[in-house]
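S.K.: Model the structure of this input:
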Amino acid sequence: RFPEKNGFIDRYAKISNQLNNMILKKLRDKNTFLQISKSLNISSSTVIRRFDKHYSAIKPDIPSVISVDVFKKSNTNSKLGEYALIISDPINKKIIDILPNRRKNHFDNYLYKLPTSALNNVKIAVIDMWEPYRDLLKKHFINAEIVIDRFHYIRHIIWWLNDIRVKAMDEYKRNQGGYKLLKRYNKLLTKNPINISRFFKHNNYFKKLMSQKTIIDKCLEYSEELKRAYEFYKHFQINTETPFENKEEALEFIDDYVNKLYSSKLDGSKDLANTFINWRNEIANSLYLFYKKEEAVCRYTNGFMEGVNNFIKTFRRMCFNIRDFNRFVTRIITVFNNEFLIKA
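M.R.: Below is the predicted model:
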């Protein structure tokens, strides 16, 4: 006696080949293991086993433009550090790799393992204002210009402006107009001056027609220091809206801005000026370097990385966390890049 050969189930298997193929197909989409298991009426551990067995992430080659950032891991992965480091290609929107921690020695060892030709090929490296990144990138990427993400140094100016606003607000009692107005419109004061509307419409607080511009002018009347600080913020945003022609112009603008901050003698202006001095070269790079995409001028930023971090946090929360870090990296790269290798 012998069993009849069939093609719909493998020997010793408990699920059919068709169901196995359906699992692999659904793993291509942004679904959690639990969602896939419920839709196919199987256990989540079965889906995980199929993922570990058949899926392998394809990590892209190191491009000429890279971006480096971190995201906070869950507590179950905290043995290797609270934060994980992620390297991406911001132009083609691909994740290159994810490291289990952001420690300097670990990142240094990772870069040592990369081919010298790949390291020398990198021309632009986008980072936030964390000094270990700058040190390591200068050490390994000898041909790369280091660019600070615009959001991070603008944020320092906004923090400085906000501290002065709070100080001005505290000079008034809580029931006075100055306190109420500066508290109510704190977001408007930090809005990019280029995007401030001059269109008049009815305002419920003032009970009359007001534009965003007139509201800001009204707020600045309550404090001379706040008015001067806002002029610094406005000056920087307007003059750096479009990239400079070359690095010399960018450096000249930064030096002039720092000198004005020192001479202003406003609270916290020296600390802000020292921040710009410390990151002078990297900020200048971000003010003049750009690339063209569909005839549009685009700055080098970490915007793509922020989107990746948001996706990772949301996806991990939907999964109620993925304990195995290697499985987590494979899942994120295969789902986000939509590039993977199906192993037999």
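S.K.: Mind giving me the packing neighbours of the helix or strand containing Val70?
M.R.: Using DSSP states H and E, the element containing Val70 is strand 65-72. Under the contact criterion of 3 or more C-beta pairs under 8 Å, 6 or more residues apart in numbering; DSSP states H and E, strand 65-72 touches strand 83-89, strand 124-127, helix 303-318. Placement of C-beta: from N, CA and C, glycine included.
S.K.: please redo it, this time with the cut-off set to 10 Å
M.R.: strand 83-89, strand 94-99, strand 124-127, helix 131-140, strand 145-148, helix 303-318 (3 or more C-beta pairs under 10 Å, 6 or more residues apart in numbering; DSSP states H and E).
S.K.: ok, that strand: who's next to it in the sheet?
M.R.: strand 83-89 (antiparallel), strand 124-127 (parallel) (DSSP bridges).
S.K.: Next, format those strands as CSV and append mean neighbour count and distance to Thr314.
M.R.: Output for these, formatted as CSV (neighbours: other C-beta atoms under 10 Å; distance: least, C-beta to C-beta, whole Å):
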stretch, mean neighbour count, distance to Thr314
strand 83-89, 21, 15
strand 124-127, 25, 23
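S.K.: Which one of those has the poorest average confidence?
M.R.: When the strands paired with strand 65-72 are ranked by mean pLDDT, strand 83-89 comes last with a mean of 90.
S.K.: Quick one: work out the angle between that one and helix 303-318.
M.R.: Following axes from the mean of the first three to the mean of the last three C-alpha atoms, to 10 degrees, one obtains 130 degrees for the angle between strand 83-89 and helix 303-318.
S.K.: Distance from strand 83-89 to the middle of the chain?
M.R.: 10 Å (C-alpha atoms, centre = their mean, to the nearest Å).
S.K.: rewinding a little: tell me which of the strands paired with strand 65-72 sits nearest to Asn338.
M.R.: strand 83-89 (13.8 Å; C-beta to C-beta).
S.K.: and the angle for that closest one with helix 131-140?
M.R.: 50 degrees.
S.K.: Which SSE is immediately downstream of the helix or strand hosting Val47?
M.R.: Val47 is part of helix 44-54, with elements assigned from DSSP H and E. Where DSSP H and E defines the elements, the next helix or strand beyond helix 44-54 is strand 55-57.
S.K.: coming back round to it: how about the CA coordinates for the helix holding Val47, as CSV?
M.R.: What follows is helix 44-54, C-alpha atoms only, in CSV (Å, rounded to 0.1, in the frame of the first residue of the first chain):
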residue,chain,number,x,y,z
SER,A,44,-0.2,34.0,15.4
SER,A,45,2.7,31.8,16.2
THR,A,46,2.1,29.9,12.9
VAL,A,47,2.3,33.3,11.0
ILE,A,48,5.5,34.2,12.9
ARG,A,49,7.1,30.8,12.1
ARG,A,50,6.3,31.2,8.4
PHE,A,51,7.7,34.8,8.5
ASP,A,52,11.0,33.7,10.1
LYS,A,53,11.3,30.7,7.8
HIS,A,54,10.6,32.4,4.4
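S.K.: For that helix, the averaged confidence score.
M.R.: On average, helix 44-54 scores 89.
S.K.: That one - contacts with which helices or strands?
M.R.: Helix 44-54 packs on helix 17-26, helix 33-40, helix 325-337, strand 340-342, going by 3+ C-beta pairs under 10 Å, 6+ apart.
S.K.: and that helix, which residues are buried?
M.R.: Across helix 44-54, burial judged by 16 or more other C-beta atoms under 10 Å covers 46-48, 50-51, 54.
S.K.: Closest one of those to Thr334?
M.R.: Phe51 (8.8 Å).
S.K.: With adjacent residues omitted, what lies nearest to the closest one?
M.R.: Leaving out its chain neighbours, the residue that sits closest to Phe51 by C-beta to C-beta, 6 or more residues apart in numbering is Leu27, at 5.7 Å.
S.K.: Contacts only, for that neighbour.
M.R.: 33, 36, 47, 50-51, 54-55, 331, 334-335, 340, 342 (C-beta atoms under 10 Å, 6 or more residues apart in numbering).
S.K.: for Asn92, same thing?
M.R.: Here Asn92 is in contact with 60, 63, 65, 304, 337 (C-beta under 10 Å, 6+ apart).
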